[in-house]
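S.K.: Provided below for reference: sequence and predicted model.
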Amino acid sequence: MSNGTPLSKIRNIGIIAHIDAGKTTTTERILYYTGKTYKLGNVDEGNTVMDWMVQEKERGITIQSAVTSCFWKEHQINIIDTPGHVDFTAEVERSLRVLDGAVVIFSAVEGVEAQSEAVWRQANNHHVPRIIYINKMDRIGASFEDTLTSINERLNIKVIPVHIPLVEQDEFNGVIDLIEEKAYIFTSESGEEFETVDIPENYKEKFNLYREKMFEAVSDVDEDALELYLETGTIPKDVLKKAIRRATIETIAFPVFVGSSFRNKGIQMLLDGICEYLPSPFDREDIIAKTKDSSEIKLSPDPDGPLAALVFKVMADPYSGILSFIRVYSGSIKKGSYVLDSTTDEKQRVARLLRLHANKREDVDSISAGDLGAVIGLRNAYTGHTISDVNNPIILEDIKFPEPVVSIAVEPKSSTDQDKLSQALAKFAIEDPTFKIKYDEDTSETIISGMGELHLEIIIDRLLREYKVEARVGKPQVAYKEAISNSATAEGKYIRQTGGHGQYGHVVLRISPTDLDKGIIFEDKTKGGIIPKDFIPAIEEGVKLAAENGPLLGFPVYGVYVELVDGSYHPVDSSELAFKIASSKAFKEAVDRASPYLLEPLMSVEIIVPMTFLGEVINSVNSRRGNVKGIIERGNTVVIKATIPLETMFGYTTILRTITQGRGSFSMVFERYERIPSQIQTEIIKKAKGEI
């Protein structure tokens, strides 16, 4: 039981989609129909509950994931509304890590878009069961059939249509339920009232066509359903629902619902689908955790089991201090109790426990297995940390985040502003794992890095407004990486003689290229104790410290396998500091010898323009070192899919508007890092050094 609700009736779900597909509007409608709110919130009017930040209301987008709980037909639904913009992908990543299921929203006009594919892949990585909601059926150009085709082609998945739209004279009036064999006709503007009627005569042919498609899809994934379908030509309701639920939980098929959230149509049916088909904590596989001796254990969602909770988000609150958002996988966490941050091995006291509703909170005495909530009082408990019993340490798998791709220089106007800047940036770094800070000693500038221009724009806006920091802000720059072409060996020595003990560190490192995704891999290959084992961690630390600043432009070095092959020590003068400095020197020298090169972020770009502008837009892609991957016709418009270096995409919004007379739009998501052509690399280095 959690908050009085049996675990079998808890649903921890996320709302995920491309930007502007209607995530926040759908969540607002869910809160209204479940009685959580008493007024319909709209993004355009800036009065939504879930988008509560000033920056969210102004821009009409979700920036931070927001958590809330509501109840529907004896089920407790914990919802995380996630951002759709690629710059805030970390919010999606951390949410999917702790969710049991998700509603993926697609616009009936645009179908599957670039970020739709990205969030779908993220959900695949976390094996999250999903139901599909095709939204905006009221819009001009909406097509249920085209959207289904788009889903099949671009996501290559099996869908099970359980609802289809009822459209009369181009107006979306209701939903046809293929399982219940009924139609729901909406009769009020608020969407609360609808009539349940028989299938209209003019829809029977379409109903029968899609019902057969549903039978075929279910038969493909369930043997019992297939047997009945072959014998009788139909599948009973109870067998259908059971088969669809199993297929959804096992992520082998995905049921499809329809509606128009803005017009208040289809939400009650979606809520029924969430309760019917998405899993409870009981339905998910046991969580694998590790004990102190690194042995694996399986954890089931038992409130009386050993405590295991994951911190999936941290927020600096001006009134309460640090809020640690948690998902409890096993056991219960109680107000006033002592717990262990297993990641840092720190014993902590739980000052308060909260149930969350966007930026509003409700104090509770405990949070049990299968539930979400927040803790006040945990120091240094950051995203990805595990909270467990003091006497029973358990470690859950950490959350992995992408590296930032865009940087900006920030320079405070006074020493007072420097202090305020440092404090504010430190808080942002605690909250956001994809936000990085670096101080450039050569220029005395603070360099902040994030996932895109908008990400950093929001950070700067918050600096100026919330923290009243006066600062000069540079232009966005690409966050390159540096890598090596060849193997190389170098020696590093640090020897200092003083009046007392001196300093002595001596290492020989051999480096070679490896997988770029693996960063720096260090291995001690010395034998016979030529360097005591106590100094090896300091040598590795020195290598990783040196790797933060590559030789070309000072960007981090990736994809290097480092072997400690030789060295020496002094029984009196050797120290960790000496070996750290020696290994840093050796690593830098080895990288210099290994023909270093720059890597740049490549973006997967999707451009939607009227057909008449196709030629100009393709020219603009080619001029940006882009590579067109495909062109899809969609009525009078075309969708151009391309990969383009991020460095050439700054300011592209204005350029695209100019060449398409304001009728073109684009979206992009990070795809991969790739080596820069040598001629372009030379130009970038000269430009960075002010030589051109």
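M.R.: Good, I have the coordinates. Numbering: from 1, shown residues only.
S.K.: tell me the SS of Ala490?
M.R.: strand (DSSP: H, G, I helix; E, B strand; the rest coil).
S.K.: kindly apply the preceding question to Ser604 instead.
M.R.: Under the three-state scheme (three-state DSSP), Ser604 adopts strand.
S.K.: could you look up the SS state of the spatially closest residue to it that is not a sequence neighbour?
M.R.: Nearest non-adjacent residue to Ser604, counting by CB to CB, 6 or more residues apart in numbering: Glu671, 4.3 Å away. Quick note: C-beta positions are derived from backbone N, CA and C, even for glycine. Here Glu671 is recorded as strand under three-state DSSP.
S.K.: and Glu671, how far is that from Arg97?
M.R.: In this view, Glu671 and Arg97 are 22 Å apart by CB to CB, to the nearest Å.
S.K.: neighbour count: these two, which is higher?
M.R.: Set Glu671 next to Arg97 and count neighbours by other CB atoms under 10 Å: Arg97 wins out with 21 against 16.
S.K.: wait, Glu540 touches Phe522, no?
M.R.: Yes: contact between Glu540 and Phe522 holds when scored by CB atoms under 8 Å: they sit 4.5 Å apart.
S.K.: where does pLDDT dip in the chain?
M.R.: When residues are selected by pLDDT under 70, those of the chain lie in 1-4, 36-66, 83-88, 169, 190-191, 318-320, 358-360, 441-444, 498-500, 692.
S.K.: mind redoing it with 50?
M.R.: By pLDDT under 50, the weakly predicted segments of the chain are 1-2, 41, 43-63.
S.K.: quick one, helices of the stretch 501-650 of the chain?
M.R.: In chain order, the stretch 501-650 of the chain shows helices spanning 536-546, 576-593, 614-622, with DSSP state H, counting those that start in this stretch as the criterion.
S.K.: try the stretch 101-250 of the chain
M.R.: With helices called from DSSP H, counting those that start in this stretch, the stretch 101-250 of the chain shows them at 114-125, 144-155, 204-221, 223-232, 237-249.
S.K.: for Gln76, find the nearest of the helices of the stretch 501-650 of the chain.
M.R.: Closest approach to Gln76 among the helices of the stretch 501-650 of the chain (CB to CB): helix 536-546, 44.5 Å.
S.K.: what are the contacting residues of the closest one?
M.R.: The set of residues external to helix 536-546 that reach it, using CB atoms under 8 Å, 6 or more residues apart in numbering, is 507, 509, 520, 522, 524, 531, 562, 564, 576-577, 579-585, 587-588, 591.
S.K.: buried subset of those residues?
M.R.: Among the contacts of helix 536-546, those classed as buried by 16 or more other CB atoms under 10 Å are 507, 509, 520, 522, 531, 562, 564, 579-585, 587-588, 591.
S.K.: now do the SS call for Gln268.
M.R.: Gln268 ends up helix, using three-state DSSP.
S.K.: surely it and Tyr32 touch.
M.R.: No: taking CB under 8 Å as the contact criterion, Gln268 and Tyr32 are not neighbours in contact, 10.7 Å apart.
S.K.: and the gap between Val560 and Ile618?
M.R.: For Val560 relative to Ile618 (CB to CB), the value is 38 Å.
S.K.: of those two, who's got more company?
M.R.: Set Val560 next to Ile618 and count neighbours by other CB under 10 Å: Val560 wins out with 27 against 18.
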